[in-house]
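K.L.:
please work out how this folds:
(chains A and B)
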Amino acid sequence: MFSLKSTKDELDRIVELAKRRGFFWPSFSVYGGVSGFYDYGPLGVLLRDNIIKIWKEKILSIGGIFIDTPNISPEEVFQASGHLERFYDLAAVCASCGSKFKVETLLQDNGIDESRYGEFTTAESLNENNIRCPRCGSKFRETTNLSLMFELLSRYGDRGNLYLRPETAQGVFVNFRNLLNFNRDKLPIIAAQLGKGFRNEIAPRQALLRLREFYMGEVEVYLSNDQNFQPESKMKLKLLPRDGVTRFLSPASAVQQKIIRDPNMAYFIEIVYQILLDVGISPERIRFRQHREDELSHYSSDCWDAEVTISGEWVEVVGVADRGTYDLTRHQKYSGFDLTSKDRQGKKFIPRVIEPSFGFDRILLASMISSYSERKKGYKVLSLPKRVSPYSAAILPLLRKDGLREWALNLYSKYKRVDPYATFDESGSIGRRYARQDEIGTPYCVTVDYDTLNNGTVTVRDRDSTKQIRIKSEILLRDGGILTASKEFDFTG
RNA sequence: GCGGGAGUAGUGUAGUGGUUAUCACCGGGGCUUCCCAAGCCCCUAACCCGGGUUCGAAUCCCGGCUUCCGCACCA
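P.N.:
Numbers count the residues shown, from 1 in each chain, chains lettered A, B, ... in the order given. From the prediction side, this is the model:
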């Protein structure tokens, strides 16, 4: 997965810009920092919210509903989900070199049946069976739990521990009954949740690519037993199925050709693709890769990842997993609660679940990287889609004198009432201000100049072409502000 | 978590035992300027943290933290 890295690659460049301009910063840096955590700065918050809004509106547009459940969950949930079992790796620590190895792997490497796992939970048991450190050949000192879940110190009565959720999905599963009632017993249901997930990564790295606390948007699609979803568009996308042969197909033809087995999966792959394009990731950077059998997580029977190329690596930004009936079956078993639905004949069944799971921090990074380009002498431009950019417009006085500043400030305060996503800048030369706005992706700069004083017109500069038009300033003050007005702008002249 | 590199203003850097700690960009103020990081003047701002060696440490040593590269991990 990892490959060559140039001295100053695209990830480095974006991280440098992001830190400098206030998109994101490493957390707790005044105390030396803690790896795996990043703070969003003022521009990052706006950018992230815009990206999430696009996601949310797309999910709503296909009939989705949203819920919001706690970050903290009791042990029962993760016993049922299988996370406790799968997230608790036992590791052996070498007495000599201090290296840690998963006990499970050690057993495999020593040809010991893994079902005997329970016998090898202590360093003594490993040493007695002559299992030695693969690195230096020494004995093991101890075994420790490597938990990928954050466990809270506060316990939940005598019912076990509390954990920070490693995924938001479980909150949607345990609410299945409520969701079914809400939807008047009808399937399919598209139920989504935006929230944070927490994983105690061993080696978080590469800024927002691997965080310990991150924004997820998980969509749990409960399928009915008959009519569900069919892919529609003819848009072709890059597919890399398990056979390793890359194809360029629409999801619909991929189903016909049996590249994607299930039309529901294909439909959501299509939805995911549209969202990624809408937030500004260029199609050449996107592919959908099917997981290998041995790569599938404990709950899924099929999975297609949306991957984006960043600094020459393919990075997962969305996973579209077929979770089958795994989660509801488990929760029904562990809770004793009826989590079935009824088909038209009144027969009970547990619905199958398709899950598109979005990692917004990575999507944000991919969007920035994909939008980044340089003009002359290091002049940087973020060509983010208009609706994604932190600011919709910057209002600028050409000069600070002769009443231009006052005029611009007045326009700014009126403009903020129709569109609060605007900024004002009067420092430095006009060229410098255009450069600043280009660098943070502001699509339009509105400049108040001497003609404005005479006839109330302003210039509007387009970020991508740097061309300008002149319009009456009142046009900007209509509902929707500049993003609506811009539909009638023509910068080609 | 292991092994190896590296941590100096907001950003990128120079500095190999004694410097008012370099330079550039950014940022701020002023002059100028009727549209694309122009020019001139001024200013703010840094040696990751803790111990040690030394008369003296940004510099050498130890530990921690962070970061990068590789390995492992990424349910």
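K.L.:
any idea which residue of the stretch 51-200 of chain A lies closest to RNA strand B?
P.N.:
A:Arg86 (3.7 Å; CB to the nearest atom of the strand). (C-beta placed from N, C-alpha, C; glycine too.)
K.L.:
could you pull up phi and psi at that residue?
P.N.:
A:Arg86 has phi and psi values of phi -90, psi -20 when expressed as degrees, to the nearest 10.
K.L.:
domains of chain A?
P.N.:
Here the domain parsing of chain A from automatic domain parsing is A:10-71+A:165-370, A:88-152, A:391-488.
K.L.:
do a quick rundown of the helices in the stretch 1-150 of chain A.
P.N.:
Under the criterion DSSP state H, counting those that start in this stretch, the stretch 1-150 of chain A contains helices at A:10-21, A:42-61, A:75-81, A:83-87, A:103-109, A:123-128.
K.L.:
mean pLDDT lowest for which of those helices?
P.N.:
For these, the weakest mean pLDDT is recorded on helix A:103-109, namely a mean of 71.
K.L.:
how close does the residue nearest to the residue of the stretch 51-200 of chain A closest to RNA strand B when sequence neighbours are not counted get to A:Glu85?
P.N.:
For A:Arg86, ignoring the flanking residues on the chain, the nearest one in space by CB to CB, 6 or more residues apart in numbering is A:His298 at 5.2 Å. Distance from A:His298 to A:Glu85, counting by CB to CB, to the nearest Å: 8 Å.
K.L.:
same deal with A:Gln170?
P.N.:
Here the criterion is CB to CB. By it, A:Gln170 lies 14 Å from A:Glu85.
K.L.:
follow-up on the earlier one: CSV please, covering the helices of the stretch 1-150 of chain A and showing distance to A:Asp226 and mean neighbour count.
P.N.:
Below are the helices of the stretch 1-150 of chain A laid out as CSV (distance: least, CB to CB, whole Å; neighbours: other CB atoms under 10 Å):
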stretch, distance to A:Asp226, mean neighbour count
helix A:10-21, 46, 18
helix A:42-61, 23, 19
helix A:75-81, 28, 19
helix A:83-87, 32, 17
helix A:103-109, 42, 16
helix A:123-128, 53, 17
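K.L.:
sorry, back to before: ok, the residue of the stretch 51-200 of chain A closest to RNA strand B touching A:Tyr299?
P.N.:
No - using CB atoms under 8 Å, A:Arg86 is not in contact with A:Tyr299; the gap is 9.1 Å.
K.L.:
for A:Leu328, give me its contacts.
P.N.:
For A:Leu328, the contacting residues are A:173, A:176, A:339, A:350-351, A:353, by CB atoms under 8 Å, 6 or more residues apart in numbering.
K.L.:
for it, helix, strand, or coil?
P.N.:
helix (DSSP: H, G, I helix; E, B strand; the rest coil).
K.L.:
quickly list what's touching both of A:Arg86 and A:Tyr299.
P.N.:
With CB under 8 Å, 6+ apart applied, the contact sets of A:Arg86 and A:Tyr299 do not overlap.
K.L.:
could you point out the longest strand in chain A?
P.N.:
When chain A is parsed with DSSP state E, its longest strand is strand A:313-324.
K.L.:
on that earlier part again, out of the domains of chain A, which gets the lowest mean score?
P.N.:
Among the domains of chain A, domain A:88-152 carries the lowest mean pLDDT, at a mean of 71.
K.L.:
got a markdown table for the domains of chain A, with distance to A:Ala80 too?
P.N.:
A markdown table is the format used below for the domains of chain A (distance: least, CB to CB, whole Å):
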| stretch | distance to A:Ala80 |
| --- | --- |
| domain A:10-71+A:165-370 | 4 |
| domain A:88-152 | 14 |
| domain A:391-488 | 43 |
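K.L.:
nearest to A:Lys380, of those?
P.N.:
domain A:391-488 (4.8 Å; CB to CB).
K.L.:
measure the closest one end to end?
P.N.:
Length of domain A:391-488, first residue to last, CA to CA, to the nearest Å: 20 Å.
K.L.:
quick one: it to chain centroid distance?
P.N.:
Relative to its parent chain, domain A:391-488 has a centroid offset of 32 Å by CA atoms, centre = their mean, to the nearest Å.
K.L.:
how about that domain, does it get close to RNA strand B?
P.N.:
Yes - shown here: domain A:391-488 in contact with RNA strand B (CB under 7 Å from any atom of the strand) through A:398-401, A:427-432, A:434-436, A:439, A:447, A:449-450, A:459, A:461, A:466-468.
K.L.:
how close does the residue in the stretch 351-493 of chain A that RNA strand B sits nearest to sit to A:Leu17?
P.N.:
Proximity of the stretch 351-493 of chain A to RNA strand B (CB to the nearest atom of the strand) peaks at A:Gly431, 2.3 Å away. A:Gly431 is 19 Å from A:Leu17, where distance means CB to CB.
K.L.:
just the strands in the stretch 51-200 of chain A please.
P.N.:
Taking DSSP state E, counting those that start in this stretch as the criterion, the stretch 51-200 of chain A carries its strands at A:65-67, A:72-74, A:88-94, A:100-102, A:140-147, A:151-155, A:161-164, A:189-198.
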